[in-house]
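**Student:** Output the structure for:
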Amino acid sequence: MHPRRHARVKPSGLVSRQAKIITDPRAPVIPCTLIDYSPGGACVDLGGQVNIPDRFELLHVNTKKRCRIAWKRGSRVGVVF
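**Tutor:** Residues are numbered from 1 along each chain as shown. Now for the predicted structure:
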């Protein structure tokens, strides 16, 4: 396993763990849970087997990031910004 470039932290305190995946401006958003994040990426839980494209936007609080899938394990997906 390669060392991470950025340390990941779990959302805590008043930080919301709820996030949304936007695959297309005309498509409905996909709700997800933010497991951890760093300046370079994040881990999200889709809450089930949901097919999402390799590239999408992740909306967390008031921040929208363009993402690319780095890995998938069950309902969890690792993304890089």
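**Student:** In this protein, spot the strand with the most residues.
**Tutor:** strand 63-73 (DSSP state E).
**Student:** Which elements pack onto that strand?
**Tutor:** strand 41-45, strand 55-60, strand 76-80 (3 or more C-beta pairs under 8 Å, 6 or more residues apart in numbering; DSSP states H and E). To be clear about C-beta, it is placed using only N, CA and C from the backbone, and glycine gets the same treatment.
**Student:** Select, out of those, the one closest to residue 67.
**Tutor:** Checking these against residue 67 by C-beta to C-beta gives strand 76-80 as the closest, at 4.0 Å.
**Student:** and the helices and strands packed on strand 63-73, which is most packed in?
**Tutor:** Most buried of the helices and strands packed on strand 63-73 by mean neighbour count (mean count of other C-beta atoms under 10 Å) is strand 41-45; its value is a mean of 21.
**Student:** helices and strands around that one, which ones?
**Tutor:** Looks like strand 41-45 contacts strand 30-38, strand 55-60, strand 63-73, strand 76-80 (3+ C-beta pairs under 8 Å, 6+ apart).
**Student:** Tabulate those strands (CSV), appending mean pLDDT and distance to residue 19.
**Tutor:** CSV is the format used below for the helices and strands packed on strand 41-45 (pLDDT from 0 to 100; distance: least, C-beta to C-beta, whole Å):
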stretch, mean pLDDT, distance to residue 19
strand 30-38, 91, 5
strand 55-60, 96, 4
strand 63-73, 94, 9
strand 76-80, 95, 10
